[in-house]
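Novice: Below are the sequence and a predicted model; questions follow.
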Amino acid sequence: MSDLAAMFSGQRPAGIYNLPESTTPDALRQAVAAQGWRLFEIDGSQITDKASFLRAAGKAMGFPGYVGANWDAFEEAARDLSWAKAPGYVVLYTDADNFARLHPGNWRTLMSVFRSAIDTWRGDRVPMYVLLQGGGITAPDL
């Protein structure tokens, strides 16, 4: 069974994983679309601090204008997503190692926020996966 098939079948529990470099964003886009899920793509190549992450993530995830630029607001929005209803969610964060390396404290906070959102969606029986792509990230491989 492929990595993505294991994810979509529920054999790989919702969570934060490294996306193998062999899985292209195009392949992921096609697989997510075939499931009818939502894919949010965060390009980490220009993320250098908390503010630039929050801007990029808010744009990628289509956050409404009222969502504030802080961790609490990001967490609340990631656990809501009422403007992007779907049977499942995938966040693809490319070049994630950039932010992790530059701001390890904020990176730990971000991972905690993502885990909180994943747990909230799990309680609603909606899977959420955060897939990291970029060298040096510590998460289990998908």
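Specialist: Everything's here; your move.
Novice: can you give me the strands in this structure?
Specialist: For the chain, the strands defined by DSSP state E occupy 15-18, 38-43, 89-94, 128-133.
Novice: The first one packs against which elements?
Specialist: Strand 15-18 makes packing contacts with helix 104-123, strand 128-133 when contacts are defined by 3 or more C-beta pairs under 8 Å, 6 or more residues apart in numbering; DSSP states H and E. Just so you know, the C-beta spots here come from the backbone N, C-alpha and C atoms, and that holds for glycine as well.
Novice: Would you mind pulling the contact partners of the shortest one?
Specialist: So that's strand 128-133. With contact meaning C-beta atoms under 8 Å, 6 or more residues apart in numbering, strand 128-133 is reached by 7, 14-19, 21, 25, 28, 88-96, 114, 117-118, 121-122, 139, 142.
Novice: go on, stretch 100-111?
Specialist: 16, 48-50, 53, 71, 99, 134, 136-137.
Novice: go with 6 Å
Specialist: When contacts are defined by C-beta atoms under 6 Å, 6 or more residues apart in numbering, stretch 100-111 is touched by residues 50, 71, 99.
Novice: circling back: generate a PyMOL selection restricted to the buried entries among the contacts of strand 128-133.
Specialist: PyMOL command restricting the contacts of strand 128-133 to the buried ones, with burial defined by 16 or more other C-beta atoms under 10 Å:
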select buried, resi 7+14+15+16+17+18+19+28+88+89+90+91+92+93+94+95+96+114+117+118+121+142
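Novice: Could you list the low-confidence segments of this structure?
Specialist: Low-confidence segments of the chain (pLDDT under 70): 1, 135-142.
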